[in-house]
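Chemist: Have a look; sequence and predicted model below, questions after that.
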Amino acid sequence: MAQLMLGGSMARVELTVDPDNGQVVATCDEHSPFDGRLAPAGCCSWSARYDTMGDAVEYAADHADRGTQ
């Protein structure tokens, strides 16, 4: 299965496709606390679902770049 990752200054977000409904699932894979180090997977519970890959890339990039919810 292909895996897409969005890498930003605050987090790395994994994009996968839910085979049951075709939605794109964005999940925080690594998140940087404010000291600049990446914390391990599971420390940030942010996740979102999008109808298209384009929407996922556009909106999940906010979490990757700024750590926003």
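Modeler: Everything's here; your move. Note that the structure is a prediction, hence the values are computed from the model and not measured. Numbering: from 1, shown residues only.
Chemist: Nearest residue to residue 48 in space, ignoring adjacent ones along the chain?
Modeler: residue 26 (5.0 Å; C-beta to C-beta, 6 or more residues apart in numbering). Any C-beta I mention is one placed from the backbone N, CA and C, and that applies to glycine too.
Chemist: That neighbour: neighbour count?
Modeler: Using other C-beta atoms under 10 Å, residue 26 has 25 neighbouring residues.
Chemist: Residue 62 now?
Modeler: Neighbour count of residue 62, defined by other C-beta under 10 Å: 17.
Chemist: these two touch, right, it and residue 68?
Modeler: Yes - contact criterion C-beta atoms under 8 Å: residue 62 and residue 68 qualify, at 4.9 Å.
Chemist: which residues does the residue nearest to residue 48 contact?
Modeler: 6, 13-15, 47-50, 56, 59-60, 63 (C-beta atoms under 8 Å, 6 or more residues apart in numbering).
Chemist: and it, that one's in a strand?
Modeler: Yes - Residue 26 forms part of a strand when assessed by DSSP: H, G, I helix; E, B strand; the rest coil.
Chemist: coming back round to it: list only buried entries from the contacts of residue 26.
Modeler: Listed as buried from the contacts of residue 26 are 6, 13-15, 48, 50, 56, 60, 63; burial here means 16 or more other C-beta atoms under 10 Å.
Chemist: any idea how far residue 32 is from residue 55?
Modeler: Distance, residue 55 to residue 32, using C-beta to C-beta, to the nearest Å: 24 Å.
Chemist: do the same with residue 50
Modeler: Residue 50 is 23 Å from residue 32, by C-beta to C-beta.
Chemist: for residue 6, same thing?
Modeler: Shown here: residue 6 relative to residue 32, a distance of 14 Å by C-beta to C-beta.
Chemist: in the chain, which spans are strands?
Modeler: 4-7, 11-17, 24-31, 47-50 (DSSP state E).
Chemist: Dump these into JSON lines; add mean pLDDT as well.
Modeler: Listed next are the strands of the chain as JSON lines, based on pLDDT from 0 to 100:
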{"stretch": "strand 4-7", "mean pLDDT": "90"}
{"stretch": "strand 11-17", "mean pLDDT": "92"}
{"stretch": "strand 24-31", "mean pLDDT": "88"}
{"stretch": "strand 47-50", "mean pLDDT": "95"}
